[in-house]
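J.: got a predicted model here, sequence first, then my questions.
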Amino acid sequence: MKRLATLFGLSFLLALPSWLVAQENNGPTHGEAGIYADYLHFSPGGTAATNFVGAGGRAALRFRWVALEAEMNYDFARNFTTTYTTGSGTTATTTFVTTSVRPLTGLFGPTFYAGSGVMRAFVTGKVGFIDFSTNNTGVVSGSTFTSSVAGVGGPGTHVALYPGGGLEAYMGPFGLRLEAGDEVYLNNGAYNNLRVTLGPELRF
């Protein structure tokens, strides 16, 4: 399954040059760039789900009703809260544990738009990776992010597929984009994870 997804991604990239030429003949192009807050409901299967939050950025080259987008986001470590009672059932104890896992996601693919005016709907389908890096340092810093990027391609990296959609609204060059989708990663099976992003964008 992982090889099939990789072959699909390579085939898509090889077909891009002729597709871009055809789209360029349809009219003028422009670029878009944005940042966003990211929410990932991580459901690995067989264990409790974890809600990660993080931040990311995306850039796109747009051809009227279709755009080619690349994005990357980094999710921060999360705290687990565990509550248990003693054998007598009279005393409750709560403990807080910080997970060392920090997901890093990179995706690339087309986005298709519908509608006109200030607000537009869109659907997207992207392929890329999700990397589960570990770091016992509780503080997020530039080094924790760069070490996660350096670790891409290791045993914690998996092929990711992302179908999604949402709404965006622009007033002049400034916009706001809301998106939700299913981030599926492949690791001896497919695992579905809800992903939601929200943030400002700039058109140029």
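T.: Received, thanks.

J.: and residue 62, that's in a strand?
T.: Yes - counting by DSSP: H, G, I helix; E, B strand; the rest coil, residue 62 falls inside a strand.

J.: on the pLDDT front, check it for me.
T.: Residue 62 is assigned 90 on the pLDDT scale.

J.: which ones are touching it?
T.: With contact taken as C-beta atoms under 8 Å, 6 or more residues apart in numbering, residue 62 is in contact with 29-32. Glycine gets a C-beta too; all of them are placed from N, C-alpha and C.

J.: buried only: go through those residues for me.
T.: The neighbour-count test (16 or more other C-beta atoms under 10 Å) marks residue 32 as buried among those.

J.: between the contacts of residue 62, which sits nearest residue 39?
T.: Of all the contacts of residue 62, residue 39 sits closest to residue 32, with 21.6 Å by C-beta to C-beta.

J.: sorry, back to before: quick one: least confident of the contacts of residue 62?
T.: Scoring the contacts of residue 62 by pLDDT puts residue 29 last, at 77.

J.: ok, the nearest residue to that residue once chain neighbours are set aside - how many residues close by?
T.: The spatial neighbour of residue 29 that comes closest, neighbours along the chain excluded (C-beta to C-beta, 6 or more residues apart in numbering), is residue 63 at 5.3 Å. Around residue 63 there are 19 other residues, counting by other C-beta atoms under 10 Å.

J.: circling back: and which of the contacts of residue 62 is nearest residue 50?
T.: Residue 50 lies nearest to residue 32 out of these, by C-beta to C-beta, at 31.1 Å.

J.: in which helix or strand would I find the closest one?
T.: Taking DSSP states H and E as the definition, one finds residue 32 inside strand 29-42.

J.: again, but for residue 52
T.: strand 50-63.

J.: mind listing what's buried in that strand?
T.: Applying 16+ other C-beta under 10 Å to strand 50-63 flags 50, 52, 54, 56, 58, 60, 62-63 as buried.
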